[in-house]
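Undergrad: My questions are about this predicted structure, shown below with the sequence.
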Amino acid sequence: MSDQLNKDYDVGALIGRGRFGAVFRCVSRISGELFAVKSIDKALLTDPLDYDPSREAKLHRLAAAGNPLAVQIHADYEDDESIHLVLDFCHGPNLFHHIADKGAPISEPEAAMLMGDLMEAIAACHRRGVVHRDVKPENAVFDGAGRIRIVDFGSAGWIGEGGGMRELVGTPFYMAPEVERGEVYGEKVDVWSAGVVLFTMLGGLPPSYCETSAEIFEAVRWGSLRFPSRVFSGVSSAAKDLLERMICKEVSRRFSAEQVLRHPWIKSREVEAVLNADFFGVVGVDGDAGQRGLIAKLAEQAERYEEERKESSKAVAKGKGVEKIGQNKGDVKEAQSLRG
Ligand SMILES: Nc1ncnc2c1ncn2[C@@H]1O[C@H](COP(=O)(O)OP(=O)(O)OP(=O)(O)O)[C@@H](O)[C@H]1O
């Protein structure tokens, strides 16, 4: 452990392990505040193309600044063996363990809350030009207030004005087809991955469940999105509609993070939050009148959404909606050699 890190923080128990290192609890010796420290083992960083720690810290800072649903980075240290990033502490569990403990399917109101938080965090990254590129349940962790926070910017990429990326990064189950195909891609790869997370929450298995990475890539490339009736018969058509717009191979038709946030199924979480807060009881609004007000608000939102959808289909039909990808002529050979 870095001497300076040990001077500033009391490093404690292991929280979790990833490909390049481990995350521990730590307490500031000055303020007594609890943090998490991610220690990245330099010996595992054999290929600089695989992982660049200074880029992780830079993009993490950029993505997290003013983004309350991203874990903040407070300090970084480096010694001969490791790089250490001091982060906000999240009480956990991560979403992977949460789904495993609860047992999928997760109820739709809960899934809408979790997906809403995840998409808010992703949309904020995209507004700052950062693409996470490894959205998966393990990288969504509950904070002390029970909100989902996005962690691990080790695979993140920067997308400037109208630029694109080409590296093969991410986790096969959650990887968008354009990444695997070696095309220039943009921020919507995160929407695909988040869609796979949602599918997993509602269905219990990722949409292309296979044993090996090669099989997963094949299934994603050639398969079409299907909702096995055994698990999806009880799932609302609004949830399936959103999944089709997220796990959509045609990038120009795939929703952006902002569009996902405007979808009525995601919006329904606002009503759920109001109901959970016992809104009618607390503010003394007459129950029926309050219900009618909420239903009217939802209907209004659904109508607005439908209008927007029609407009965007028209724009796509006229060629206006085509993504601004394909402008960055990245090093294809580099990506191909990575792809092996
Ligand atoms: N700030 C945090 N607070 C609490 N737990 C965290 C925090 N950051 C990460 N974790 C936990 O540690 C695990 C590993 O962290 P992280 O994904 O950042 O490591 P990694 O080595 O980059 O992983 P990967 O193999 O996905 O690249 C996460 O799945 C999560 O459960």
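TA: The structure has been received and is ready for your questions. Numbering: from 1, shown residues only.
Undergrad: Pull the number of nearby residues for whichever residue of the chain sits closest to the ligand.
TA: Here the chain gets closest to the ligand at one residue, Gly18, 1.9 Å apart by Cβ to the nearest ligand atom. C-beta here means a position set from N, CA and C on the backbone, and glycine is covered the same way. By other Cβ atoms under 10 Å, 16 other residues sit near Gly18.
Undergrad: can you pull the contacts of it?
TA: Gly18 sits next to 138, 152, 154 when contact means Cβ atoms under 8 Å, 6 or more residues apart in numbering.
Undergrad: okay, now Pro93: neighbour count?
TA: 15.
Undergrad: again, but for Ser54
TA: 10.
Undergrad: How about the one helix or strand it maps to and the ligand, touching?
TA: Element membership of Ser54, judged by DSSP states H and E, is helix 53-64. No. Legend: contact between helix 53-64 and the ligand by Cβ under 6 Å from any ligand atom is lacking; minimum distance shown is 8.0 Å.
Undergrad: Please point out which parts of the next helix or strand after that helix sit buried.
TA: Using DSSP H and E, the helix or strand that directly follows helix 53-64 along the chain is strand 73-78. By neighbour count on 16 or more other Cβ atoms under 10 Å, the buried set for strand 73-78 is 73-78.
Undergrad: Generate JSON lines for those, with distance to Pro172 as supplementary columns.
TA: Listed next are these as JSON lines, based on distance: Cβ to Cβ, whole Å:
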{"residue": "Ile73", "distance to Pro172": "27"}
{"residue": "His74", "distance to Pro172": "32"}
{"residue": "Ala75", "distance to Pro172": "33"}
{"residue": "Asp76", "distance to Pro172": "29"}
{"residue": "Tyr77", "distance to Pro172": "32"}
{"residue": "Glu78", "distance to Pro172": "31"}
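Undergrad: Pull the residues that contact stretch 60-75.
TA: If you take Cβ under 8 Å, 6+ apart as the criterion, stretch 60-75 is touched by 8, 35-36, 57, 85-88, 90, 117-118, 120-121, 124-125, 128-130, 132, 141, 147-151, 153, 156, 158.
Undergrad: Might you specify the subset of these located within helices?
TA: Counting by DSSP state H, the contacts of stretch 60-75 place 8, 57, 117-118, 120-121, 124-125 in helices.
Undergrad: so which of the residues you listed comes closest to Glu244?
TA: Leu118 (18.2 Å; Cβ to Cβ).
Undergrad: pLDDT score assigned to that closest one?
TA: Leu118 is assigned 96 on the pLDDT scale.
Undergrad: What's the local residue count around it?
TA: Neighbourhood size, Leu118 [other Cβ under 10 Å]: 26.
Undergrad: Now do the contacts for it.
TA: With Cβ under 8 Å, 6+ apart, Leu118 has these contacts: 69, 95, 135, 140, 148, 150, 194, 197.
Undergrad: how about 6 Å then?
TA: By Cβ atoms under 6 Å, 6 or more residues apart in numbering, the contact set of Leu118 is 140, 148, 194.
Undergrad: With Arg25 instead?
TA: Neighbour list for Arg25: 12-13 [criterion: Cβ under 6 Å, 6+ apart].
Undergrad: The helix or strand hosting it pairs with which strands?
TA: For Arg25, the enclosing helix or strand under DSSP H and E is strand 21-28. Using DSSP bridges, strand 21-28 pairs in its sheet with strand 9-17 (antiparallel), strand 34-41 (antiparallel).
Undergrad: roughly how far apart are the residue of the chain closest to the ligand and Ala43?
TA: 15 Å (Cβ to Cβ, to the nearest Å).
Undergrad: what's the answer for Glu33, then?
TA: 30 Å.
Undergrad: Those two: which has the busier surroundings?
TA: Ranked by neighbour count (other Cβ under 10 Å), Glu33 and Ala43 place Glu33 first, with 12 against 8.
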